[in-house]
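Participant: Quick one, structure for this:
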Amino acid sequence: MITILVHLAGREAIKMDVDDLPNPNDNCVVGKNPREKTDREVNWIEDGVTTLVFPWHQITFLEVLPSVEEQESFPLPFRND
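Facilitator: The predicted model follows:
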């Protein structure tokens, strides 16, 4: 599972898990386990929703977050207290 940060036009970015990175030929991005950047529930999503589909025109850009193994291999250059 790959964790991405989806930056939506006019909204705060949300984290989602995807099986594969979206292809530029895709019409939308399908993600599971939507949550805020702080891993809290997103307040504008109905309770119990586990999968979201966003069309590309609503997405400003995507960030691919490092996995747990990558975080341990490459420490970030700032403190995370």
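
Participant: shaky segments in this structure?
Facilitator: Confidence mapping of the chain against pLDDT under 70 gives the ranges 68-81.

Participant: what about the helices in this structure?
Facilitator: For the chain, helices defined by DSSP state H occupy the ranges 68-73.

Participant: for it, which strand is longest?
Facilitator: Secondary structure of the chain per DSSP state E: the longest strand is strand 28-36.

Participant: Can you point out the buried residues in that strand?
Facilitator: For strand 28-36, a neighbour-count test (16 or more other Cβ atoms under 10 Å) marks 29, 31, 34 as buried. Backbone N, C-alpha and C define where each C-beta goes, glycine included.

Participant: nearest to residue 51, of those?
Facilitator: Closest approach to residue 51 among those (Cβ to Cβ): residue 31, at 7.1 Å.

Participant: Identify the residues contacting the closest one.
Facilitator: By Cβ atoms under 8 Å, 6 or more residues apart in numbering, residue 31 lies in contact with 4, 6, 16, 17, 18, 51, 52, 54.

Participant: ditto for residue 42
Facilitator: 14, 34, 35, 36 are the contacts of residue 42 under Cβ under 8 Å, 6+ apart.
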